[in-house]
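Chemist: Provide a 3D model corresponding to the input given below.
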Amino acid sequence: MRRVVICSMTVGLVIGAMLIGPGTARADSYNLMGFEGVPTLGSGGFTLGTPPPVGDYATTLCRYLDVVNTTVGHYYLRYFLDLPDGATITGVSLRIADYNPTGVAWAYLRSRLWNSRDIGDTEDFTLTDNSSSGDKTINMGAVNLTVNNATTEYWIDISPENSSNPGQLCVYSIHVTYN
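Modeler: Sure thing, here's the model as predicted:
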């Protein structure tokens, strides 16, 4: 009986390896929910103070910064990435609620050397349009970033640029694809 089980497992592994093929890249993904965002102060020309309060739409798990009349870069929702060392990030997709056709959400994939206190290097970015409202998915372009956890930290910043409605741009989820 054991011999059959071992043989079945071996055949399954061999068939699986044949289907994938040698040297074939396998895509994995890493997901973050909107409520995991950490409110963070921006940089560059903005007076530092207390991090902004966040709001959560409880029924949708959507998180927004509870601020009005903000300019891109003043405040962020920061999503830290915990990816395997050596992984190559190939794509980032964000599910956003845009309740105001004139508001824009900017999303940045950033990295910096550990403990550098640098604002970070922008590896890629994307933004929502300012001509429609409702739920939408925005994607970063051709990302090709290899993760080196020994020297570098990685995160996604989402910064609203809005008018008088604090809940107009809201993050549902972030999906990071890597090999």
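
Chemist: what about Thr40, distance to Thr70?
Modeler: According to Cβ to Cβ, to the nearest Å, Thr40 stands 13 Å off from Thr70. From N, CA and C alone the C-beta is placed, and that goes for glycine too.

Chemist: those two: who's more crowded?
Modeler: Neighbours were counted for Thr40 and for Thr70 using other Cβ atoms under 10 Å; Thr70 has more, 20 against 17.

Chemist: pretty sure that one sits against Asn162.
Modeler: Yes - counting by Cβ atoms under 8 Å, Asn162 is a contact partner of Thr70 at 5.8 Å.

Chemist: and Val171, how many neighbours?
Modeler: 28.

Chemist: am I right that it is in a strand?
Modeler: Yes - assignment of Val171 by DSSP: H, G, I helix; E, B strand; the rest coil places it within a strand.

Chemist: contact partners for the nearest residue to it once chain neighbours are set aside?
Modeler: Excluding its sequence neighbours, the residue lying closest to Val171 (Cβ to Cβ, 6 or more residues apart in numbering) is Gly34, at 4.1 Å. Residues in contact with Gly34 (Cβ atoms under 8 Å, 6 or more residues apart in numbering) are Asp56, Leu61, Cys62, Arg63, Cys170, Val171, Tyr172, Ser173.

Chemist: just the pLDDT at the second one, thanks.
Modeler: Just to be clear, that refers to Leu61. Leu61 is assigned 77 on the pLDDT scale.

Chemist: tell me who's in contact with the closest residue to it other than its chain neighbours.
Modeler: Nearest non-adjacent residue to Leu61, counting by Cβ to Cβ, 6+ apart: Phe35, 5.2 Å away. Applying Cβ under 8 Å, 6+ apart to Phe35 gives the contacts Asp56, Leu61, Arg63.

Chemist: please tell me how far Phe35 sits from Thr71.
Modeler: 25 Å.

Chemist: cool, Gly42 as well?
Modeler: For Gly42, the distance to Thr71 - Cβ to Cβ - is 9 Å.

Chemist: one more: Met33?
Modeler: Using Cβ to Cβ, Met33 is found at 27 Å from Thr71.

Chemist: equivalent analysis for Thr90, please.
Modeler: For Thr90 relative to Thr71 (Cβ to Cβ), the value is 31 Å.

Chemist: so between these two, which is more surrounded?
Modeler: Legend: neighbour count by other Cβ under 10 Å for Thr90 and Thr71, higher for Thr90 (18 against 13).

Chemist: give me the pLDDT for the closest residue to that one other than its chain neighbours.
Modeler: Counting by Cβ to Cβ, 6+ apart, Thr90 lies nearest to Thr177, which is 5.1 Å off, once chain neighbours are set aside. Note for Thr177: predicted pLDDT of 94.
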